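A.B. asks: Need a 3D model of the following:
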Amino acid sequence: MSPGVHRILLAEDDRFLRKAAGGMLRKLGHTVITAEDGEEALRMARAELPELILLDLIMPKIQGFEVLRALKADPATRDIPVIILSNLGQDADRQTTLKAGAAGYLVKVNLSLTELGAAVDRAMGDKTA
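C.D. replies: Numbering: from 1, shown residues only. All right, here's what the predicted structure looks like:
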């Protein structure tokens, strides 16, 4: 795959945000696969092996915290960078996810689509550098 173009799993239960973020990432040239709940996110991550996962913490079926733990415990997915997207802005939530292996933590309420694109570029730059 050419530099700057990556397969990204966007796991977000908010339909509007999923469409807006997915559309922006596609305009940047990325291939985006989406999941609407934690169970689907885990299944898609294992089946598709994306290069990056954008993961909401509060989702139906399986919470993002549990999805992150399962991804990092699975040899097939443990090395995929995961950026948390959440409205939980507490430092304790951020620390919990970073200790569990998340590559980054973005608070959705303060996040623009441009900032999300920059965070994806940083995460993928670190991976391919």
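A.B. asks: Burial check on residue 5, number of neighbours?
C.D. replies: Residues lying near residue 5 (other Cβ atoms under 10 Å) number 12. In this view, the C-beta of every residue, glycine as well, is placed from N, C-alpha and C.
A.B. asks: Quick one: residues in contact with the strand or helix carrying residue 33.
C.D. replies: Assigned by DSSP states H and E, residue 33 falls within strand 31-35. Residues from elsewhere that reach strand 31-35, judged by Cβ atoms under 8 Å, 6 or more residues apart in numbering: 5-12, 18, 22, 25-26, 41, 43-44, 48, 50.
A.B. asks: which residue is nearest the middle of this protein?
C.D. replies: residue 54 (1.0 Å; Cα atoms, centre = their mean).
A.B. asks: Tell me, how many residues neighbour residue 119?
C.D. replies: 19.
A.B. asks: elements contacting the helix or strand it falls within?
C.D. replies: Element membership for residue 119 (DSSP H and E) is helix 113-128. Contact partners of helix 113-128 among helices and strands, from 3 or more Cβ pairs under 8 Å, 6 or more residues apart in numbering; DSSP states H and E: helix 15-27, strand 52-56, strand 82-86, strand 104-107.
A.B. asks: Return the most buried member of those.
C.D. replies: strand 52-56 (a mean of 26; mean count of other Cβ atoms under 10 Å).
A.B. asks: and the next helix or strand after that strand, which residues are buried?
C.D. replies: Next helix or strand after strand 52-56 toward the C-terminus (DSSP H and E): helix 64-73. For helix 64-73, a neighbour-count test (16 or more other Cβ atoms under 10 Å) marks 64, 65, 66, 67, 68, 70, 71 as buried.
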